[in-house]
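Novice: The following block contains a protein sequence and its predicted model.
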Amino acid sequence: MEAGPNTLVDTVGGVRGMVETSLPPAAFVLAYVISDNKVGISAAVAVVIAVALSIARFARRETPQFALSGLFGIAIAAFFATKTGKAENFYLPGLLFNAGYASAFLISIVVRWPLVGVVAAQLQGDRQWREDPERMRSYTRASWLWVALFGLRLAVQLPMYLAHAVVALGITRTAMGIPLFALGLWWTYQLVRHHHPAQA
């Protein structure tokens, strides 16, 4: 079975999962503006929203994995911000994650185990993908795409972080969140959709 766009989106929690990941950080910057730059209040608002999203998952008896992982990330971000008293540090974990993901994809390409191929193999149950030169090229190109995506986020957001531009950083993070990620998924699908094993 081919890993289509819907399948790829499902691996990150579906549209709802992506919204749940993006909503608390957006709420943080909104609360920061409304509260006249109160870091503690802004962090609390973000955490409360993340908790509410997790509770809603439990109430619907849905898989809470993505909401809980989002809650964990927001809790870390809130800790960074409140511990240092610097609002921009709310977004520091995200920057570190982007750097980590970009490095992971880059290393996977260097060692000839492109991560897009690893994920696609898991979705398809394919263990022979590395023996197909065409698929390797497609998965490598798609992995380079994610190196570029995470690298672009860093290139744009890191200067804002260093300049303490909290509002601009929050808006940019939201703009480069779901839209850019969705574009990356769609483009990845376009790159690899013609290279999948025939299955019954």
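Specialist: Received it, and whenever you're ready, just let me know what you need.

Novice: rest of the way, CA atoms for contacts and neighbours
Specialist: OK.

Novice: low-confidence ranges in the chain?
Specialist: By pLDDT under 70, the low-scoring segments of the chain are 1-18, 62-67, 195-200.

Novice: and the longest helix for it?
Specialist: helix 133-162 (DSSP state H).

Novice: Tell me who's in contact with residue 165.
Specialist: residue 88 (CA atoms under 8 Å, 6 or more residues apart in numbering).

Novice: quick revisit: helices or strands next to the longest helix of the chain in the packing?
Specialist: Contact here means 3 or more CA pairs under 8 Å, 6 or more residues apart in numbering; DSSP states H and E; on that basis helix 133-162 packs against helix 92-110, helix 115-124, helix 166-175, helix 178-192.

Novice: For residue 56, find the nearest of those helices.
Specialist: helix 178-192 (20.7 Å; CA to CA).

Novice: Please compute how far the closest one lies from its chain's middle.
Specialist: 12 Å (CA atoms, centre = their mean, to the nearest Å).

Novice: in that helix, what counts as buried?
Specialist: 178, 181, 182, 184, 185, 186, 187, 188, 189, 191, 192 (16 or more other CA atoms under 10 Å).

Novice: can those go into TSV with extra columns for distance to residue 96?
Specialist: Output for the buried residues of helix 178-192, formatted as TSV (distance: CA to CA, whole Å):
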residue	distance to residue 96
178	18
181	17
182	21
184	19
185	21
186	24
187	24
188	23
189	26
191	27
192	28
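
Novice: And the furthest pair within those?
Specialist: 178 and 192 (21.0 Å).

Novice: can you tell which of the helices and strands packed on helix 133-162 is closest to residue 27?
Specialist: helix 166-175 (9.2 Å).

Novice: tell me what that closest one is packed against?
Specialist: helix 14-34, helix 133-162.

Novice: returning to that earlier point: what's the angle from the longest helix of the chain to helix 178-192?
Specialist: 160 degrees (axes from the mean of the first three to the mean of the last three CA atoms, to 10 degrees).

Novice: how about helix 133-162: buried residues?
Specialist: Across helix 133-162, burial judged by 16+ other CA under 10 Å covers 135-151, 153-154, 157-158, 160-161.

Novice: swap in stretch 112-122?
Specialist: For stretch 112-122, using 16+ other CA under 10 Å, the buried residues are 113, 114, 115, 116, 117, 118, 120, 121.

Novice: separation between the last one and residue 60?
Specialist: This means residue 121. 31 Å (CA to CA, to the nearest Å).

Novice: So for residue 41, which of the helices and strands packed on helix 133-162 sits nearest?
Specialist: Judged by CA to CA, the one of the helices and strands packed on helix 133-162 that comes nearest to residue 41 is helix 166-175, at 14.7 Å.

Novice: residues making contact with that closest one?
Specialist: Applying CA under 8 Å, 6+ apart, the contact partners of helix 166-175 are 22, 25-26, 28-29, 33, 87-88, 91, 153, 157, 160-161.

Novice: buried stuff in it?
Specialist: So, applying 16+ other CA under 10 Å, buried residues of helix 166-175: 166, 167, 169, 170, 172, 173, 174.
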